[in-house]
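Engineer: please work out how this folds:
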Amino acid sequence: MKSIVTRSIYAGLGLLGSGKETVQQLGRKLARQANVSEKEGEKIARQLRARSEKAIHTLNKTLAAEVSKIVEALNTATKKHAASAAHKTRARRRRHQG
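Structural biologist: Here you go, the predicted model:
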């Protein structure tokens, strides 16, 4: 469940699926726009990718902690509901027996 929630959040943020091709495309675009060599543009793109990966890692840790809290709260609510239902069932049985 946690992985589904986390993937959904990442998809909503547009953080899924950036790869080597994206870095190369960004490098070429930077080279054209900033009048630097393609090699220099790719270097800048790699640096940006490294920074974004670090930011994604930090975000991942934060999201994992928050998703864990949510899942725990849901499980707690479910356990409370189950305990309440079990209590009501026991009470009904006692009434029918007595």
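
Engineer: now A55: how far from E42?
Structural biologist: To E42, A55 is 20 Å away according to Cβ to Cβ, to the nearest Å. For the C-beta atoms, the positions are set from N, CA and C on the backbone; glycine is no exception.

Engineer: and L63, by the same measure?
Structural biologist: Counting by Cβ to Cβ - L63 and E42 are separated by 30 Å.

Engineer: please apply the same query to Q33.
Structural biologist: For Q33, the distance to E42 (Cβ to Cβ) stands at 14 Å.

Engineer: neighbour-wise, which of these two wins?
Structural biologist: E42 (19 against 9; other Cβ atoms under 10 Å).

Engineer: in which helix or strand would I find the more buried one?
Structural biologist: In this assignment (DSSP states H and E), E42 forms part of helix 38-97.

Engineer: which helices and strands does that helix pack with?
Structural biologist: Secondary-structure packing of helix 38-97 (3 or more Cβ pairs under 8 Å, 6 or more residues apart in numbering; DSSP states H and E): helix 2-13, helix 20-34.

Engineer: which stretch in these has the least confidence?
Structural biologist: Of all those, helix 2-13 carries the lowest average pLDDT, namely a mean of 62.

Engineer: chain center to stretch 48-59, what's the gap?
Structural biologist: 14 Å (Cα atoms, centre = their mean, to the nearest Å).
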